[in-house]
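Trainee: Provide a 3D model corresponding to the input given below.
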Amino acid sequence: MRRAGVLPAPDPILLADAALAPDDAHDRFAAQVPALNAVEHRPAAVDRTVGARLRVAAWNAERLKYHAPSAALLRGADVVLLTEADIGMARSGNRHTVRDLAEALGMGWAYGVEFVELGLGDARESEWHADDDNRVGLHGNAILSRHPLLDPVIIPLDAGGTWFAGRSGNQRRLGGRMAIAARLDTPRPLWLVAAHLESHSDAADRGRQGERLVAAIDRLVPAGAGVVLGGDFNTTEVAGALDAPDAVEPLFAVLRDAGFDWHRCNAPGPTQRTRPDGTPVPPFAKLDWLFTRHADAEAPETMPAVDAAGAAISDHEVVAATVMTGVAAERQQTASIDA
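Mentor: Now for the predicted structure:
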């Protein structure tokens, strides 16, 4: 997989042709967009050593439109597993939202493209920005970190093309659901994974996406290494309880059987909230989760995604927890051997 300091912008002529192409032409156009097979990888300005604890936050930022309140909300995190972040979209000010947020937090980042947007967004966004144009048109997921991120890689969660015919209004897209993974430079390996499962789906399909995700993690991560997995899993059947969600969402049985725990790193309760335009409306589900494997966690929290005035900046709350890295134990053991 190609890694770049800056992802190549798609050819605007190619995107214009794709927007008018037959519904079965997705793969032909997607193969001509290098950004769909690359990771934008930039280190933090200051190289910090990983400590014994990491505060990890996972957030679906819904385009990451609100820069200053987003930075304020995530100020206490060491790692952010970020989903739904734009680069060069009119709906988010045609900014590189990930770079702006990472630099405000003093973090580096690894970003992967989930979709190349062929329009202005969903029906609401298309109406709001009807007189604007996208400068780049990228939408995806990222890992932000105060510490060096190594070996970033994209994990496809479907075959792509589901949204090419337009699943919501004129929201036609190239690409497919994906996760992005990277590891931290620690004595005991620790991998970070930000995932985004399909929203226009059902519980059985989410279980199948979970199987693909687990299989990829098992291929990528050495046995016994720690994993922190987080993101938007679109678990619409779960109202917020942490006990036995696998009764309605097979995804949890898949993750449990693969050794992942969610009880110690999630607070109970839903993670949706209403935007200023009045959508979505209750009842709400718990869509967003953290999972750990071979890594202890504590102090789970659901953080309201609002600005200083209490207005929503996403339709998803932030989920966060403190993860024990094992660094202190490894250093103590090394010191004993050296002595």
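
Trainee: so the residue nearest the centre of the chain bridges to which residues?
Mentor: The centre of the chain sits closest to residue 83, judged by CA atoms, centre = their mean, with a distance of 3.0 Å. Beta-bridge partners of residue 83, counted by DSSP bridges, are residue 60.

Trainee: that one is in contact with residue 139, isn't it?
Mentor: No. Counting by CB atoms under 8 Å, residue 83 does not reach residue 139; the two are 9.9 Å apart. Where C-beta positions appear, they are placed from N, C-alpha and C, glycine not excepted.

Trainee: could you measure from residue 76 over to residue 109?
Mentor: 18 Å (CB to CB, to the nearest Å).

Trainee: comparing the two, which residue is more hemmed in?
Mentor: residue 109 (27 against 12; other CB atoms under 10 Å).

Trainee: that one - nearest residue in space that isn't next to it in sequence?
Mentor: Among residues not flanking residue 109 along the chain, residue 102 sits closest, at 4.4 Å (CB to CB, 6 or more residues apart in numbering).

Trainee: next one: the strand or helix carrying that neighbour to chain centre, how far?
Mentor: Residue 102 belongs to helix 97-105 when assigned by DSSP states H and E. Its chain's average C-alpha position is 15 Å from that of helix 97-105, according to CA atoms, centre = their mean, to the nearest Å.

Trainee: for that helix, packing partners?
Mentor: Judged by 3 or more CB pairs under 8 Å, 6 or more residues apart in numbering; DSSP states H and E, the packing partners of helix 97-105 are strand 38-42, helix 67-73, strand 79-87, strand 108-117, strand 138-145.

Trainee: who's in contact with it?
Mentor: 40, 42, 44-45, 61, 63-65, 67, 70-71, 74-75, 77, 80, 82, 85-87, 108-109, 111, 142, 144, 146 (CB atoms under 8 Å, 6 or more residues apart in numbering).

Trainee: do a quick rundown of the helices in this protein.
Mentor: 12-19, 26-30, 67-73, 97-105, 123-128, 203-220, 250-257, 327-338 (DSSP state H).

Trainee: name the residues of the longest one that are buried.
Mentor: Think helix 203-220. The neighbour-count check on helix 203-220 (16 or more other CB atoms under 10 Å) flags 203, 205-214, 216-217, 220 as buried.

Trainee: thank you kindly, that will do.
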